[in-house]
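**Q** Here you go, sequence then predicted model.
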Amino acid sequence: MSRYLRYTLLTLLWVAGAAYIVFAASAVRRVRRTGTVGKLEIEVVDSSSQGHLVSAAMVRQWISHAGIKTLGTAVDAVDLTGIERLIARNGFVDKTVAYVSYGGTLHIEISQRKPLVRLLTDGMNAYVTADGYVFAAPRASSLYVPVVTGSYRPPFPASYVGSVREHIDLRLGEIDERIAELEREKYPLYRREMENDRNISALRRMRIKRQWWRLEGSREFDARVDALREKKAGLRRTYRYRERIAGLQEAERRKQKKLEKSYEDFMKLLTFVETVEDDDFWRSEVVQITAKTTPSGALEVELTPRSGRFAVLFGRLEDVERKFDKLLRFYRSGLSSIGWSEYRTIDIRYNDQVVCKK
């Protein structure tokens, strides 16, 4: 084949391809102008054996209540962006994609978040993912995940929806602003304190003498003394400088440390749940996890096992694997011969020992 003929054929192919693209685009625009939505298909793409947080029926209800028109609506008039935003408002929805096919079918694909644990602590009812995203549990949710109960206080409010790390960073930023504000106020307040010291010194030097030349009596003198005492007391209350800037800043820094420690404990709790879920034996053995915040602010957990009628005092979430190994050895060498109903509590918080109470 000559070079001229080859170039001619390639040019014709390119022209044909371009013509087809223009024709297809024109046909699509014509269909979108004149076509209507005849079918609505909703798919939750990652429903699993754990259950589901969102269903097609729920999405249809949301769209209906929002007043967004779908079936029988012109393809160009369907508010696809509004549908995606409506569904994405729910914290348990990860991603939403809405589009209308060439045949007039409105497709909505939804990806739900995958919770690791459900928190039923301190008035809270929320799911948390492995990366620390928290959202309120839907009323009709049916996910089979571990449940944490108890008096534990997570480092975020009960109504919070979103990344826990972002919430912590926001709070830390607010505290940093407060510390900087106190730093800016330090010099003016220092000058005010110096002025107060001078005023108080002058106040201490204030004396009152009986006015003999006016033949002042004891009653009049005592009344003037009482009035001066009352005036001094009022001035002291006015001049008193109660709070030191350095102390206030240190208090704010302690808040930051406490907040970071609370977040670390929360992430340890998620890691602990993952450890339990990744082990076939402990996943079936641990029925419930009870978490509590100690007076010192530390997080401790207690386990309710499937075997026996006892509670396992696990303590702080440190040396988790060692504690589980110790408990398993006690299961095999102790309880298997003593009996599973012999004790009320099994305490594994201490190193190299298991403390049991009847």
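**A** Arrived safely, thanks for sending.
**Q** I figured residue 94 hits residue 111, correct?
**A** Yes - Residue 94 is in contact with residue 111 according to C-beta atoms under 8 Å; the separation is 4.5 Å. C-beta: built from backbone N, CA, C; applies to glycine.
**Q** a strand runs through residue 326, doesn't it?
**A** No - the assignment for residue 326 by DSSP: H, G, I helix; E, B strand; the rest coil gives helix, which leaves it out of any strand.
**Q** Against residue 312, how distant is it?
**A** Taken as C-beta to C-beta, to the nearest Å, the spacing of residue 326 relative to residue 312 amounts to 11 Å.
**Q** of these two, who's got more company?
**A** Relative neighbour count places residue 312 above the other of residue 326 and residue 312, with 23 against 17, counting by other C-beta atoms under 10 Å.
**Q** I'd say that one and residue 301 touch.
**A** No - checked against C-beta under 8 Å, the pair residue 312 and residue 301 is beyond contact range at 9.1 Å.
**Q** that older thread, between residue 326 and residue 312, which contacts overlap?
**A** In the contact map built from C-beta atoms under 8 Å, 6 or more residues apart in numbering, the residues linked to both residue 326 and residue 312 are residue 348.
**Q** where do the helices sit along this protein?
**A** Secondary structure of the chain by DSSP state H: the helices cover 3-34, 56-66, 80-88, 164-205, 218-239, 245-278, 280-285, 320-330, 336-338.
**Q** center of the chain, which residue is that?
**A** Taking C-alpha atoms, centre = their mean as the criterion, residue 164 is the residue nearest the geometric centre of the chain, at 3.4 Å.
**Q** Report pLDDT for it.
**A** In this model, residue 164 is scored at 94, pLDDT.
**Q** That one and residue 135 touch, don't they?
**A** No - the criterion here is C-beta under 8 Å, and residue 164 misses it with residue 135 at 11.0 Å.
**Q** residues touching residue 73, list them.
**A** Applying C-beta under 8 Å, 6+ apart, we find residue 73 in contact with 36, 37.
**Q** for residue 181, same thing?
**A** Going by C-beta under 8 Å, 6+ apart, the list of residues near residue 181 is empty.
**Q** tally of neighbours for residue 152?
**A** Residues lying near residue 152 (other C-beta under 10 Å) number 21.
**Q** I meant residue 106, not that one.
**A** By other C-beta under 10 Å, 22 other residues sit near residue 106.
**Q** what is it paired to in the beta sheet?
**A** Using DSSP bridges, the beta-bridge partners of residue 106 come out as residue 40, residue 100.
**Q** separation between residue 114 and residue 135?
**A** Here residue 114 is placed at a distance of 12 Å from residue 135 (C-beta to C-beta).
**Q** likewise residue 158?
**A** Between residue 158 and residue 135 the distance, using C-beta to C-beta, works out to 12 Å.
**Q** so what sits against both of those two?
**A** With contacts defined as C-beta under 8 Å, 6+ apart, the residues adjacent to both residue 158 and residue 135 are residue 126.
**Q** Between the two, point out the one with more neighbours.
**A** Neighbours per residue (other C-beta under 10 Å) separate residue 158 from residue 135, with residue 135 holding more: 19 against 15.
**Q** for that one, what are its contacts?
**A** Contact criterion C-beta under 8 Å, 6+ apart gives 90, 91, 92, 113, 126, 127, 161, 162 as the residues in contact with residue 135.
**Q** Can you report how many residues neighbour residue 303?
**A** Taking other C-beta under 10 Å as the neighbour definition, residue 303 ends up with a count of 21.
**Q** typo on my end, it should be residue 220
**A** Should you count by other C-beta under 10 Å, residue 220 turns out to have 13 residues around it.
**Q** got any ranges where the stretch 151-300 of the chain has weak pLDDT?
**A** Judged by pLDDT under 70, the stretch 151-300 of the chain has its weakly predicted residues at 184-218, 221-222, 225, 228, 232-246.
**Q** and the residue nearest to residue 343 when sequence neighbours are not counted, bridged to which residues?
**A** The shortest distance from residue 343 to any residue other than its chain neighbours is 4.3 Å, reached at residue 356 (C-beta to C-beta, 6 or more residues apart in numbering). Here residue 356 shows beta-bridge partners residue 346, assigned using DSSP bridges.
**Q** circling back: what separation do you get for the residue nearest to the centre of the chain and residue 157?
**A** For residue 164 relative to residue 157 (C-beta to C-beta), the value is 11 Å.
**Q** Residue 292 is in contact with residue 152, isn't it?
**A** Yes - taking contact to mean C-beta under 8 Å, the distance of 5.5 Å between residue 292 and residue 152 places them in contact.
**Q** Could you tell me which residues touch both of the two?
**A** Common contacts of residue 292 and residue 152 (C-beta under 8 Å, 6+ apart): residue 299.
**Q** what's around residue 163, how many residues?
**A** 15.
**Q** In contact with it, which residues?
**A** Residue 163 makes contact with 131, 132, 133, according to C-beta under 8 Å, 6+ apart.
**Q** And for the first one, the neighbour number?
**A** Summarising burial for residue 131: neighbours were counted as other C-beta under 10 Å, giving 13.
**Q** Grab the nearest non-local neighbour of it.
**A** With C-beta to C-beta, 6+ apart, the residue lying closest to residue 131 is residue 163, at 7.8 Å.
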